[in-house]
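**Student:** Got a predicted structure here, sequence first:
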Amino acid sequence: MNTRLGGISPTSPYKSWKFAGAVAAFLLLRDPGSLGAAQIVQEAPANQETRPVPMLADRWAGTPTPPPWSVRKARPIFQLPGFREAKERANRLSRQFRQTHPSSVPAANHADEIEGLLAPSPAVTFDGPSESDTPFIPPDPQIAAGPAHLVVAVNSLLAIYDKAGKKQGSFQTFADFFAGLGIAGEIFDPRIIYDRSDGHFILTAGEVDGTNFTNGNVFVAVSQTSDPTGVWYKYAIDFMGRDRSNTANTFPDFPTLGLSSSAIYVSTGQFVLNFSCLRDDSCAFSDTWIKVIGLPELLSGNSSLNVTTFTSVTTASGIPAFAIEPALTYGTTSDEFLVAADFSGPVSKTLDVFSINTSGTPTLKTTSLQVPPYTMPPDAAQPNADTPIATNDFRLLNAVWSNNTLWCAQDIADTESSNPVAGWYEIAASSLSTVSLLQSGAISGVGDAYFPAVSVDSSANAQVVFTTSSSTEFASAAYTGRAGSSDPLNTMRTFVLYKAGTAPYVDRDVRWGDYSGISLDPGGASFWMIAEYAGTPDPHFGTSITQALEPPPLTISPPSFFFGDVDVGSTSDGETFTATNNSSNTVTVSSVTISGMNPGDFAIISDNCSSSTLGAGASCTFSANFSPTAQGLRSATIKIVSSSSGSPTASQSVQLSGNGGSASTLAVSPTSLSFPDTPIRTSSAPQTVTITNTGSSPLNIFGFAAFNDYAQTNNCIPAGASRGSLAAGAQCTINVTFRPTMTGAHNQLLQVVNDTAMPYINISLTGNGVIAPEVTLCPTSVRFGNQTVGASSAAQAMTISNTGSDNLTISAITASGDFAASNSCGSLPATLPARTACTVSITFTPTAAGARTGKLSVTDSASGSPHTAALAGTGVASSTGVLEFTPGMVAAGAPLQVEVAARAMTDRRAGLETQSGAWRQSDVNRSEAKAATHTGVQQALKTLPMRFEANQGQVERRVSFVSRGPGYTLFLMADEAVLALRKPSVVSGQRSVEVRSEQRTTDIDCVLRMKLVGANPAAKVVALDEL
């Protein structure tokens, strides 16, 4: 759904997964594995009516000149609760696999792809609308093929092409196309199909009035004939409703479209939408709707339509259904089938299948279908970019029914690599009572594959279009397929990369998709497809359209090869590849060439395939080797161009990769660290790892990759540098600290990235996060200076902070020697809740001249009790001078400033200020302390490096923010405050946003006071951890 509602930022509430009321109790609680055998559940009777709707007949007219797009609009997509946690887990697993298996990126041919056998070759390929033509991100590309035309829809506009790729006229914006309906609103999420039986194009798109919230519709347009350049009948179907508690209006999101011989089927997710929920970031899912709209009235331009509405649709297990995909039905069947992914948990084992009878009064039935487990897809990798491409959730993205089988596809995580892959299914579906899984699989492309669309012809030949990318391959448009009569079950053929990406894509949250498009040609012999690719200049998405025909006969083995670790300047052994003609036709191989990311590091060393002709069953071979010119992962692609009699030219890709290293070797000791049980949101004592260059030449260390629960400091890389050099025989050290953010085991890896032949060396990290109190005394010692014997000094404060995660019981607070203590902790024993503190006031009354020492002792329920602080002072006959310490105030004017006053001999401050919408650190106004008669004090002012993040798992509106840096952890809390950081915003439940300084502060004694002033006056410090 794309919305720019009344100037509301599209990066805030519309991007959140929210779910309110009783519905939330159903989701993410029930184990789908406990559903047992499939059962058919019939929904309650629907609302069926014949009703007049806004309608007009209007001729196609291309917009002469598309309007300039001065402002990019990121389309939000609504999702369900638990998405952020599941997505972060998926991303964490994927990062770990990529770090520990760098040679697998780009991935070798996926296990469920047929070795070397190409998918159908493209006959026609041309560019569709791009980011230059529309302001909306992402485009949601769709395509429908008629007898002579292709109709393409992306967010904000339509285009018509002939089948040679020539655009018919110009683009037409949705606003112009539907203007005659007289309904003002944002139009989004197009779907388009071609009705082969009746000869009409059918288009749907969502519409919401984001200014007054007075209407929400799904617009429907039907071409009068098979010529889309003629007249279209246009309708507005009301999709504005009330939530389940009848307290708020709901509006449609992510409308999907299906077709049977008697009706079209539109399903939406209904979300509460009003200024109040936008302000409070509480826009919530209500329920799922399905509307059945009779075809006869639509096709004839009748303004009175036969509409059946199902609301509050549930699955067979009784939970609310979400993101239902009605099928595009080829042929005639007594039931229209609809299908959805099961959202009962982050790992699902079922698909929810629905049916609606196509004659008589529509009745909705549902059952559950057991399938292989699937999980949330991680975001997709791309080269030269720190930000991955968003892959959304695992909702199904399209569905097609033909010859009693139902095909559908979705984004999921690979079961081995955890990378995002395109999952697909073929389901036997002659009736709902007999549905069963026939086959399924996953497509990985060059490493990651996402936003698939699937279709099938009358011979059970299936095709899937998708985007694919990896850490070495830009986002590209690709497709694959299978021959229904001959290919093994659960397999797709090796993909075809029909439009290669040329740059990384970094735009608003790197949104992509939200789906791709595919259409069976009415002639039945080919498929038309549209998918996204990344172009230049960054950020720039393009869409590419292609026609796929029958598969070529050539197979190649192996389909990819990893040469392993090879020193820079050395050459590997050769690897031989065999190309075989498995058909009865003659095949001509025209060329074998190398291209890709690092083509100069690989070479063809023998080739008897180029310019050869292969008879049926004949083979040829070629060989390649690897000579790395630089350290690290290197990759390239071998392209084999061939053709057979009666088929167009096809290009097959073989992925090559290898690691370039230096002559040096690197050793780490120890290779694993085990940390004691540590209370969550606190830190363990650091443990040290020593790195040694055991080789005969220098090596470079590029960095240390660790996950959020562990932090490291090191002397291997100088501050501010991108790498560190380690001479032969030299050593450096890493100090690792365990900082658990949740309870349970945290088994992770610290990775040393270097330029040896083993560029990724892993150190195993283990530790348990526990619920327990933790005590921090600040300062850790108190010095009173000179004090007259028999006279009491002014009180000095010491703070007892419970920096742990459970209540702390304080049973005693005592001071020894010439010192006395009182406290604000309450009557002892006193309870100090987690993340709170109390104060101890300490006075010094010397009983004799000279140095006097004592100890403050706190007896409590935390580990390490009693906790002590050293006390010291000097008794004198008369006063000889006292240090006067007056910290300066933070300079006013910045939207948000942080003042830090550090006890002991230093005054350290850190501030945040805003510049061009991004937060950075700054040294605030430096003010010298005043020394009275004591002259030996030096003031050192430093910037504290800060990393702000919203507390994980937090759902309250009172949001805690955590700042972590070497030597300290700071917890801030703000009522209804949103801190704008480098990312668009930080809100409750959102993951970390980094604001880093290259400076290091390792000698902090302790922080006594912090103050927030400026744009967030309600913000306050609640606790501080000293590490």
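**Tutor:** Good, I have the coordinates. Residues are numbered from 1 along each chain as shown.

**Student:** Setting the sequence-adjacent residues aside, check what's closest to Gly875.
**Tutor:** Nearest residue to Gly875, sequence neighbours excluded (Cβ to Cβ, 6 or more residues apart in numbering): Pro846, at 2.9 Å. Quick note: C-beta positions are derived from backbone N, CA and C, even for glycine.

**Student:** Thr588 too?
**Tutor:** Thr613 is the one closest to Thr588 (Cβ to Cβ, 6+ apart), at 5.1 Å.

**Student:** ok, the one you found - contacts?
**Tutor:** Thr586, Val587, Thr588, Val589 (Cβ atoms under 8 Å, 6 or more residues apart in numbering).

**Student:** Quick check: the gap between the residue nearest to Gly875 and Thr853.
**Tutor:** Pro846 sits 11 Å away from Thr853, taking Cβ to Cβ, to the nearest Å as the criterion.

**Student:** between these two, who's got more neighbours?
**Tutor:** Set Pro846 next to Thr853 and count neighbours by other Cβ atoms under 10 Å: Pro846 wins out with 24 against 12.

**Student:** Surely Gly180 is in a strand?
**Tutor:** No. Read with DSSP: H, G, I helix; E, B strand; the rest coil, Gly180 is helix and lies in no strand.

**Student:** was I right about it contacting Arg59?
**Tutor:** No. Using Cβ atoms under 8 Å, Gly180 is not in contact with Arg59; the gap is 10.4 Å.

**Student:** Residue ranges in the stretch 301-450 of the chain under the pLDDT threshold?
**Tutor:** 385 (pLDDT under 70).

**Student:** where along it do the strands fall?
**Tutor:** Ranges of strands within the stretch 301-450 of the chain are 304-310, 325-326, 328-330, 335-341, 347-357, 364-375, 396-402, 405-413, 420-428, 436-443, 448-456, based on DSSP state E, counting those that start in this stretch.

**Student:** Deepest-packed of the ones you listed, please.
**Tutor:** Neighbour counts (mean count of other Cβ atoms under 10 Å) averaged over each of the strands of the stretch 301-450 of the chain peak at strand 448-456, with a mean of 29.

**Student:** any idea which helix or strand comes after that one?
**Tutor:** Once the chain leaves strand 448-456, the next helix or strand it forms, by DSSP states H and E, is strand 462-469.

**Student:** Partner strands of that following strand and their direction?
**Tutor:** Paired neighbours of strand 462-469 in the sheet (DSSP bridges): strand 448-456 (antiparallel), strand 476-482 (antiparallel).

**Student:** Can you give me the first-to-last residue distance of stretch 233-248?
**Tutor:** 32 Å (Cα to Cα, to the nearest Å).

**Student:** Could you list the buried residues of that stretch?
**Tutor:** For stretch 233-248, a neighbour-count test (16 or more other Cβ atoms under 10 Å) marks Tyr233, Lys234, Tyr235, Ala236, Ile237, Asp238, Phe239, Met240, Gly241, Asp243, Arg244, Ala248 as buried.

**Student:** Which pair of the residues you listed spans the longest distance?
**Tutor:** Tyr233 and Arg244 (33.9 Å; Cβ to Cβ).

**Student:** follow-up on the earlier one: settle it for me: which of Gly180 and Arg59 has more neighbours?
**Tutor:** The neighbour comparison of Gly180 against Arg59 (other Cβ under 10 Å) goes to Gly180, with 13 against 9.

**Student:** who's in contact with the more buried one?
**Tutor:** Leu56, Asp58, Lys234.

**Student:** wait, which of those residues is closest to Gln142?
**Tutor:** Comparing the contacts of Gly180 against Gln142 with Cβ to Cβ places Lys234 closest, at 17.2 Å.

**Student:** Surely the closest one is within a helix?
**Tutor:** No. Assessed with three-state DSSP, Lys234 is strand; it does not lie in a helix.

**Student:** in terms of contact, does it touch Arg59 like I think?
**Tutor:** No. Assessed by Cβ under 8 Å, Lys234 is found out of contact with Arg59, at 10.9 Å.

**Student:** per-domain residue ranges of this structure.
**Tutor:** Recorded structural domains for the chain (assignment: automatic domain parsing) are 5-551, 556-661, 676-762, 775-876, 896-1026.

**Student:** quick one on the thing from earlier: if I pick the residue nearest to Gly875, what's in contact with it?
**Tutor:** Pro846 makes contact with Gln787, Thr788, Val789, Gly790, Asp818, Arg852, Gly873, Thr874, Gly875, Val876 under the criterion Cβ under 8 Å, 6+ apart.

**Student:** repeat for Phe213
**Tutor:** By Cβ under 8 Å, 6+ apart, the neighbours of Phe213 are Asn249, Phe251, Leu273, Asn274, Phe275.

**Student:** Buried among those? Need that as a selection in PyMOL.
**Tutor:** In PyMOL syntax, the buried subset of the contacts of Phe213 is picked out as below (16+ other Cβ under 10 Å):
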select buried, resi 249+251+273
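
**Student:** which two of the contacts of Phe213 lie the greatest distance from each other?
**Tutor:** That would be Phe251 and Phe275, which, of the contacts of Phe213, are the farthest apart (Cβ to Cβ) at 12.9 Å.

**Student:** Tell me where the chain has helices.
**Tutor:** For the chain, the helices defined by DSSP state H cover 83-100, 174-177, 275-280, 295-300.

**Student:** ranking the contacts of Thr613 by neighbours, who comes first?
**Tutor:** The most crowded member of the contacts of Thr613, judged by other Cβ under 10 Å, is Val587 (25 neighbours).

**Student:** doesn't Ile556 make contact with that residue?
**Tutor:** No. Using Cβ under 8 Å, Val587 makes no contact with Ile556, being 11.7 Å away.

**Student:** before we move on, the earlier item: out of the buried residues of stretch 233-248, who's nearest Ile842?
**Tutor:** Nearest to Ile842, judged by Cβ to Cβ, of those is Ala248 at 56.4 Å.

**Student:** what separates that closest one from Asn215, distance-wise?
**Tutor:** Distance of Ala248 to Asn215, computed by Cβ to Cβ: 15 Å.

**Student:** try Thr814
**Tutor:** 71 Å.

**Student:** Repeat that for Ala830.
**Tutor:** For Ala830 relative to Asn215 (Cβ to Cβ), the value is 59 Å.

**Student:** before we move on, what about Gln687?
**Tutor:** Gln687 sits 61 Å away from Asn215, going by Cβ to Cβ.

**Student:** Over to Pro829?
**Tutor:** Between Pro829 and Asn215 the computed distance is 63 Å (Cβ to Cβ).

**Student:** one step back: can you list the contacts of Thr613 in a markdown table and add distance to Thr333 and pLDDT?
**Tutor:** Conversion of the contacts of Thr613 to a markdown table gives the following (distance: Cβ to Cβ, whole Å; pLDDT from 0 to 100):
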| residue | distance to Thr333 | pLDDT |
| --- | --- | --- |
| Thr586 | 42 | 86 |
| Val587 | 40 | 87 |
| Thr588 | 44 | 90 |
| Val589 | 44 | 92 |
